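Student: no sequence for this one, just the structure:
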């Protein structure tokens, strides 16, 4: 945790992020309560939309964020819905990068 | 099956497509052997890409096809991969529409 006081959306993903443990993970989860932890290895959230085109537009905005951060979510696009899954596969679980990406994807959702 | 002699990519999805049974289904499966039938209710195929951006570009091309046909796949985008699932939910299984959409999504893949 570099700078806990700084908003997640102001940070950037780092190639050196370490696996989160205990309190570190709990602190970040509190910042993004809408994202659920699954299997202790990923955070997931479902975004809803009035139609397919708007869901697809969100996938593009999230994709732009992912490319900028060099960290990529899995995005399951269905009619009117996108399920996002974020994990740090290389680290074998959750790192701060995942929460930074999640916060920026949230911001991209509300920017739509 | 309206016009079996015509290529799937030359047809369009119809709101009146009926659930496929027996030989009808077998005939269409032979036209698209790379698509696998799952649970008797959907056809699925994985498309691979050298990076995230190219996979996302394919999602957009497939999305354009879907909008044009008024029939939408589920598209699971991950780094370098897109899993496509197609089903006619309203009909409760597979119709000719699913194979028409699949053939056009295949074409969109090779157009990338």
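Tutor: Cool, got the structure. Bear in mind the structure is a predicted one, so any value in this text is a computation, not a measurement. Numbers count the residues shown, from 1 in each chain, chains lettered A, B, ... in the order given.

Student: use CA for all of it now, contacts and neighbours both
Tutor: OK.

Student: Which stretches in chain A count as strands?
Tutor: Using DSSP state E, the strands of chain A run over residues A:36-38, A:42-48, A:74-78, A:81-86.

Student: For the last one, which helices and strands make contact with it?
Tutor: Think strand A:81-86. strand A:42-48, helix A:52-69, strand A:74-78, helix A:96-110 (3 or more Cα pairs under 8 Å, 6 or more residues apart in numbering or on different chains; DSSP states H and E).

Student: ok, back up a step: which one of the strands of chain A lies closest to residue A:55?
Tutor: strand A:81-86 (6.0 Å; Cα to Cα).

Student: if we can go back for a sec, which one of the helices and strands packed on strand A:81-86 lies closest to residue B:61?
Tutor: helix A:52-69 (10.7 Å).

Student: now that closest one against strand A:42-48, angle please.
Tutor: 150 degrees (axes from the mean of the first three to the mean of the last three Cα atoms, to 10 degrees).

Student: buried ones in helix A:52-69?
Tutor: A:52-56, A:58-66, A:69 (16 or more other Cα atoms under 10 Å in any protein chain shown).

Student: Next, see if it gets close to chain B.
Tutor: Yes. Contact of helix A:52-69 with chain B (Cα under 8 Å from any Cα of the partner chain) involves A:52, A:53, A:56, A:60, A:63, A:67.

Student: so what's the fourth one up against?
Tutor: Shown in contact with residue A:60 (Cα atoms under 8 Å, 6 or more residues apart in numbering or on different chains): residue B:56.

Student: Now with 7 Å, please.
Tutor: With contacts defined as Cα atoms under 7 Å, 6 or more residues apart in numbering or on different chains, residue A:60 has no neighbours.

Student: The first one too?
Tutor: Contacts were defined as Cα under 7 Å, 6+ apart; by that measure residue A:52 touches A:79, A:80.

Student: Relative to residue B:65, how far out is it?
Tutor: 12 Å (Cα to Cα, to the nearest Å).

Student: now stretch A:9-23: mean pLDDT?
Tutor: The pLDDT scores in stretch A:9-23 average 94.

Student: Just the endpoints, please. Distance across that stretch?
Tutor: Stretch A:9-23: ends 20 Å apart by Cα to Cα.

Student: Could you list the residues in contact with it?
Tutor: A:69, A:91, A:93, A:94, A:95, A:96, A:97, A:100, A:103, A:104.

Student: List the buried residues in that stretch.
Tutor: Buried residues in stretch A:9-23 (16+ other Cα under 10 Å): A:11, A:12, A:13, A:17, A:18, A:19, A:20.

Student: same check, this time on stretch A:98-112
Tutor: Those would be A:98, A:99, A:100, A:101, A:102, A:103, A:104, A:105, A:106, A:108, A:109, for stretch A:98-112 by 16+ other Cα under 10 Å.

Student: Which residue, other than its chain neighbours, is closest to residue A:93?
Tutor: residue A:41 (4.2 Å; Cα to Cα, 6 or more residues apart in numbering or on different chains).
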